[in-house]
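In: structure here, sequence nowhere to be found:
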């Protein structure tokens, strides 16, 4: 027994030291990006494995962006698939109907960006009810929003209505998905560890106190909804060009629930948590596929167990120091050094 | 010139008058206390001044600008900060982050600059850290900078609330029952602290308190509320013997008995 504890401690120590090696994260990211380029170019991996990896990437973007609203700000949005749908349809419409056929591959990043921006604009609209309502009531608002988006698309004939929209080329590749996922980690991390991020957290802790401590809560909420829906839109655009077929049914409440599960599995208020949650959930669903129907029994059961033994998710409110800026980690130590020097 | 000037401030909750015809003139660097029995409307007065509630009638002028109808964050940015009767810290945030959050209005960079960590972003962030740490050191909280605020003992949580309020760089500080739940020794130390920050930061202070020891010792002037009405105003020793005040606190019969 004691021996095992010793091993655990050694692992913990090693992990702690590893987390303080700052250059490791950018190095790792660069390496993985290179690997994704090589794999994509020479088809080194089974197509199915590549597909799962791309799903992991897209789900990381989704979980991170929802975590901003649900985890960091402490609201409960259940209409995240709505933002995703907006991004997916805008990007698909651009690549299929607007862009010249021979240029779609080059213009794909623009289409994804447009999907993100479109979703962000819609997010801006949803931000306004959040000034007045919060908690359960805002959850209802986001639920309604999800329904509105779904039935709106069902009634637009140009977008295929309930039959769905197809004709997209398979433009989402491993390097692209990785690029956008890394971008979302970078952006959300920089927002969270800024003045605005502290505002977001303080709204979760106590909105009235936050307002009274000079935090412009309306401004913060607008930023959160815009950033969050922007990345949900990006994920939607990538999703559409991976599946090559989208229909309003793909973005219903079930999809929103999937994202919610990833966020709460990984842990609220944590970037590392969202990455872990999205990865574990996506991979597990695939690994358990041979079980057939039983998969849908086992998976929820595991979630229930997790919530009993780790109610805040795997990484709830904790963060790998890799994602925390050096300035924040050593704030008090550096201040003391500077002071001692005087 | 008065720093805060309230005239005929009245507030109703539904049909119930919570505060009626409240007047106050605060001179710069004054230390004024509001006392009164439970439910007299003291905290409501604070909520009206800080913009949590919008006064039904009356005007509140802070340094020449009307503040009725402004959102709390703007009023705080103008220079009115407060603490709370029941501690309302950001519990799951560190002590340092609690104070840094209160610097929100001082920051000039925008979200795009935050995204790209521009020069201005880095400069301002460094400045906020050193300012917040200095403030914590001033209140002897710097060794707790990295602890979650919910893990601090009660007395330190109260002090952190004051530190957080000071981080907004107020000219007027509203303290809502700062001595609640403290023993007499702690109250003495709190009085020293209030004196110290008043001098160091050039503050005007308005405080609500039940502990008469503190009120009578440090307040230069008192306002007594009962059922939302201002029933007396004046120097502490005048208030002590005011029959209306004794009546409000002890009841009519009791007061007569004591006199008789």
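Out: Here it is on my side, so go on. All values derive from a computational prediction rather than experimental measurement.
In: residue B:100 versus the one residue in the stretch 151-260 of chain B that gets nearest to chain A, what's the distance?
Out: Using Cβ to the nearest Cβ, the closest approach of the stretch 151-260 of chain B to chain A is made by residue B:168 at 4.9 Å. C-betas here are computed from N, CA, C, even on glycine. In this view, residue B:168 and residue B:100 are 11 Å apart by Cβ to Cβ, to the nearest Å.
In: ok, residue 62 - contacts?
Out: All of this is about chain A. Taking Cβ atoms under 8 Å, 6 or more residues apart in numbering or on different chains, we find residue A:62 in contact with A:80, A:84, A:231, A:232, A:235, A:259, A:262, A:278.
In: the chain in question should be chain B.
Out: By Cβ under 8 Å, 6+ apart, the contact set of residue B:62 is B:3, B:4, B:5, B:75, B:78, B:79, B:80, B:172.
In: show me the residues around the second one that make contact.
Out: Translated: residue B:4. B:24, B:25, B:26, B:49, B:60, B:61, B:62, B:63, B:80, B:172, B:204, B:206.
In: related to what we said a few turns ago, and for the residue of the stretch 151-260 of chain B closest to chain A, the neighbour number?
Out: Applying other Cβ atoms under 10 Å in any protein chain shown, we find 26 residues neighbouring residue B:168.
In: might one say that it is in contact with residue B:83?
Out: No - using Cβ atoms under 8 Å, residue B:168 is not in contact with residue B:83; the gap is 11.4 Å.
In: tell me, what's touching those two both at once?
Out: Listed as contacting both residue B:168 and residue B:83 by Cβ under 8 Å, 6+ apart is no residue at all.
In: and what about the most centrally placed residue in chain B, helix, strand or coil?
Out: Residue closest to the mean C-alpha point of chain B, counted by Cα atoms, centre = their mean, is residue B:174 at 1.8 Å. Of the three states, residue B:174 takes strand according to DSSP: H, G, I helix; E, B strand; the rest coil.
In: and which of the contacts of residue B:62 is nearest to chain A?
Out: Closest to chain A, out of all of the contacts of residue B:62 and judged by Cβ to the nearest Cβ, is residue B:75, at 8.4 Å.
In: list the buried residues for stretch A:200-219?
Out: Buried positions in stretch A:200-219, judged by neighbour count with 16 or more other Cβ atoms under 10 Å in any protein chain shown: A:200-207, A:209-217.
In: ditto for stretch B:71-82
Out: By neighbour count on 16+ other Cβ under 10 Å, the buried set for stretch B:71-82 is B:71, B:72, B:73, B:74, B:75, B:76, B:77, B:78, B:79, B:80, B:81, B:82.
In: now the residue of the stretch 1-150 of chain A found nearest chain B: closest residue in space, sequence neighbours ignored.
Out: Nearest residue of the stretch 1-150 of chain A to chain B: residue A:74, at 9.7 Å (Cβ to the nearest Cβ). Closest residue to residue A:74 apart from its sequence neighbours, by Cβ to Cβ, 6 or more residues apart in numbering or on different chains: residue A:204 at 3.0 Å.
In: show me how far the helix or strand hosting that neighbour is from its chain's centre.
Out: Using DSSP states H and E, residue A:204 sits in helix A:195-205. Put simply, helix A:195-205 sits 19 Å off its chain's centre (Cα atoms, centre = their mean, to the nearest Å).
In: so what does it touch, helix or strand wise?
Out: For helix A:195-205, the packing partners by 3 or more Cβ pairs under 8 Å, 6 or more residues apart in numbering or on different chains; DSSP states H and E come out as helix A:174-192, helix A:207-212, helix A:217-243, helix B:95-101, helix B:111-116, helix B:119-138.
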